[in-house]
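Student: With the sequence up front, the predicted model follows.
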Amino acid sequence: MNYHFIAIGGAVMHNLAIALHHKGHKITGSDDEIFDPAKSRLEALGLLPKNYGWFPEKINPSLDAVIVGMHARKDNPELARANEIGIKIYSFPEFLYQHALTKKRIVIGGSHGKTTITAMVMHVLRFCNMDFDYLVGAQVADFEIMVRISDEAPVMIFEGDEYLTAPFDPRPKFHLYHPHIALISGIAWDHINVFPDFDDYVIQFSMFAEMIEGGGSLIYNEEDELVRNIALENTNNIVRIPYNTPEYYVKDGLTQLVFNGEEYVLKVFGRHNLQNLAGAWKVCRECGVSDKDFLEAIASYEGAARRLEKVLTYEQTHIFRDFAHSPSKLKATINAVREQYPGHRLVACMELHTFSSLSKNFLKEYKGCMDEADVAFVYFNPHTIALKKLPPITIQDVFTAFANDKLQVLTDSGTLVQELKNYDWINSVLLLMSSGNFDGINIKELAHSLINGIKNE
């Protein structure tokens with residue numbers, strides 16, 4: 001088959017392109033900009049467009065279908081050309097749903113934790129030698145790409161993102177998958193550019209639950225009141241399976257899960273990750289995995305990329321990066337590090353990078369969410385705000401919103417790096433949180449620089 005990707009440089013889009021390439025399909029694509037890692041990965045396989053931009057002449061009758069990413073605009077000239085000559089057009093969620101029509105579909109949804117839960121399920125099923133296809137929103141250890149499609153696998157696991165499907169399809173992505181097994185991890189307002197009303201945001205999850213296939217299962221976080229209400233109010237013919245944070249404790253910097261009187265040392269930590277583990281456990285049970293096999297498998301799970309990912313450690317100094325950007329994620333991540341390293345000084349840095357986080361009316365949602373840190377930095381770039389065509393915010397706006405006297409607000413990434421280099425990092429933890437990259441800061445180089453400062457003292 002011949003597939004053309006409009007906006008091939010997207011995180012999922014380029015992974016889907018690679019997956020189809022590996023299956024022997026002919027792949028072409030376009031984008032107006034492509035950054036690493038997508039750029040290097042596409043280039044290595046000969047899939048990188050020779051020139052950036054949109055070229056309607058690439059759209060011709062020899063194509064079997066066009067797959068469109070969310071980065072493209074409604075008036076994209078290649079999309080217009082595909083419509084004009086009648087070529088089949090898919091959003092990537094629609095394409096994956098069509099691929100999985102005959103498979104058991106497992107969809108992990110929620111405002112937070114969905115990547116981790118999906119990755120945990122993938123890790124356990126692979127440990128148990130079970131065959132499955134998948135879509136996950138981050139790189140997972142021992143999985144080459146973020147999308148796998150095959151003819152043989154009887155199951156497909158989807159990370160169910162609630163963001164919009166495509167420029168021509170305003171449905172949330174997870175509304176397209178119609179799961180047999182669904183999970184909702186938690187609900188905390190996000191994506192205010194498309195869901196400016198909190199109630200409208202919550203409704204998307206209710207609709208998701210209503211789309212579970214008859215006789216299917218809804219696994220839900222019973223500790224989240226909104227999620228619990230959605231599960232209990234659902235009138236479909238489904239099985240409702242609640243989960244809660246399992247018993248655990250932290251000793252000597254290690255988190256230990258307690259089950260039936262036995263203790264299991266984990267490589268992940270934090271109450272929110274133990275809650276994610278409980279959800280993944282329920283999903284794996286529905287897939288036929290025994291508790292014994294799950295516990296053996298999950299003990300070796302180290303996490304997905306940028307989800308409390310340890311960048312570097314030296315003696316009693318630890319440096320982590322995390323994808324946290326919303327208030328609930330930010331608070332959960334900081335609390336997790338505080339619990340795991342109670343005797344350490346905790347320096348937390350976060351970047352306001354998303355549309356929601358840079359919206360002046362949303363900033364108040366961050367009140368108190370960095371209070372558990374000993375030192376707190378918030379960084380934002382006014383140029384990013386301008387690119388998103390948002391009203392400007394000031395340093396004082398951010399300081400007032402977070403309501404934290406310890407907070408330092410910066411708008412220059414070089415100044416942030418210098419501030420961090422001025423600290424004594426002995427017996428400290430640095431936590432860098434962003435869905436971006438602090439405007440080009442090389443996190444690994446920064447980590448090595450800070451550690452070398454300790455070694456040279």
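Tutor: Nice, I can see it. Residues are numbered from 1 along each chain as shown.
Student: alpha carbons only for contacts and neighbour counts from here, please
Tutor: Will do.
Student: Spell out the residue ranges of the strands in the stretch 1-150 of the chain.
Tutor: Ranges of strands within the stretch 1-150 of the chain are 2-6, 26-30, 65-68, 89-91, 104-109, 133-135, 147-148, based on DSSP state E, counting those that start in this stretch.
Student: Quick check: which of these has the most neighbours on average?
Tutor: Mean neighbour count (mean count of other C-alpha atoms under 10 Å) peaks for strand 104-109 among the strands of the stretch 1-150 of the chain, with a mean of 26.
Student: List the strands paired with that one, with their directions.
Tutor: The strands beside strand 104-109 in its sheet (DSSP bridges) come out as strand 155-160 (parallel), strand 181-184 (parallel).
Student: which one of those strands has the most crowded surroundings?
Tutor: For the strands paired with strand 104-109, average neighbour numbers computed from mean count of other C-alpha under 10 Å are highest in strand 181-184, which has a mean of 28.
Student: hmm, back to that, which stretch among the strands paired with strand 104-109 comes nearest Ala324?
Tutor: Shortest distance between Ala324 and the strands paired with strand 104-109, using C-alpha to C-alpha, is found for strand 155-160: 16.9 Å.
Student: Quickly list the domain ranges of this protein.
Tutor: 2-87, 95-298, 309-455 (automatic domain parsing).
Student: any chance of the ones you listed in TSV, plus mean pLDDT?
Tutor: Listed next are the domains of the chain as TSV, based on pLDDT from 0 to 100:
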stretch	mean pLDDT
domain 2-87	95
domain 95-298	94
domain 309-455	92
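Student: on that earlier part again, reformat the strands paired with strand 104-109 as CSV; add distance to Ser435.
Tutor: Formatted as CSV, these follow (distance: least, C-alpha to C-alpha, whole Å):
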stretch, distance to Ser435
strand 155-160, 17
strand 181-184, 22
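Student: looking at those, which is closest to Pro382?
Tutor: Taking C-alpha to C-alpha, strand 155-160 is the member of the strands paired with strand 104-109 nearest to Pro382, at 31.2 Å.
Student: who does the next helix or strand after the closest one touch, helix- and strand-wise?
Tutor: From strand 155-160 onward toward the C-terminus, using DSSP states H and E, the following helix or strand is strand 164-166. When contacts are defined as 3 or more C-alpha pairs under 8 Å, 6 or more residues apart in numbering; DSSP states H and E, strand 164-166 packs onto strand 169-172.
Student: helix, strand or coil for Val265?
Tutor: Going by DSSP: H, G, I helix; E, B strand; the rest coil, the secondary structure assigned to Val265 is strand.
Student: Can you say which helix or strand has Ala231 in it?
Tutor: helix 225-233.
Student: next helix or strand past that helix?
Tutor: Next helix or strand after helix 225-233 toward the C-terminus (DSSP H and E): strand 239-243.
Student: List the buried residues of that next one.
Tutor: When neighbours are counted by 16 or more other C-alpha atoms under 10 Å, the buried residues of strand 239-243 are found to be 240-243.
Student: Then stretch 361-374?
Tutor: Under the neighbour-count criterion of 16+ other C-alpha under 10 Å, stretch 361-374 has 362-364, 366-367, 369-373 buried.
Student: now what about it, what contacts it?
Tutor: 326-328, 330-331, 334-335, 338, 345-348, 356-357, 376, 398, 401-404, 406 (C-alpha atoms under 8 Å, 6 or more residues apart in numbering).
Student: ranges for the helices of the chain?
Tutor: Ranges of helices within the chain are 11-22, 38-44, 77-85, 92-99, 114-127, 198-210, 225-233, 271-286, 291-298, 327-340, 382-387, 395-402, 413-421, 443-455, based on DSSP state H.
Student: Work out the gap between the shortest one and the centre of the chain.
Tutor: Which is helix 382-387. Centroid separation between helix 382-387 and its chain, computed with C-alpha atoms, centre = their mean, to the nearest Å, is 23 Å.
Student: Can you give me the buried ones in that helix?
Tutor: Judged by neighbour count (16+ other C-alpha under 10 Å), helix 382-387 contains these buried residues: 382, 384-385.
Student: same thing with stretch 15-29?
Tutor: By 16+ other C-alpha under 10 Å, the buried positions in stretch 15-29 come out as 15-21, 26-29.
Student: what pLDDT does Glu457 get?
Tutor: If you check Glu457, the pLDDT there is 59.
Student: doesn't Phe92 make contact with Leu176?
Tutor: No: using C-alpha atoms under 8 Å, Leu176 and Phe92 do not qualify as a contacting pair, with a distance of 10.3 Å.
Student: So which of those two has more stuff around it?
Tutor: Set side by side, Leu176 and Phe92 show unequal neighbour counts under other C-alpha atoms under 10 Å, the larger going to Phe92 at 21 against 18.
Student: Please tell me how far the closest residue to that one other than its chain neighbours sits from Leu308.
Tutor: Distances taken as C-alpha to C-alpha, 6 or more residues apart in numbering place Ile67 nearest to Phe92, at 6.1 Å, with adjacent residues excluded. With distances defined as C-alpha to C-alpha, to the nearest Å, the gap from Ile67 to Leu308 amounts to 32 Å.
Student: Kindly report the same for Pro167.
Tutor: Noted for Pro167: a distance of 32 Å to Leu308, by C-alpha to C-alpha.
Student: And Asn437, by the same measure?
Tutor: Counting by C-alpha to C-alpha, the gap between Asn437 and Leu308 amounts to 15 Å.
Student: Over to Ala297?
Tutor: Separation of Ala297 from Leu308 (C-alpha to C-alpha) stands at 19 Å.
Student: got it, and Asn237?
Tutor: When Asn237 is compared with Leu308 (using C-alpha to C-alpha), they lie 37 Å apart.
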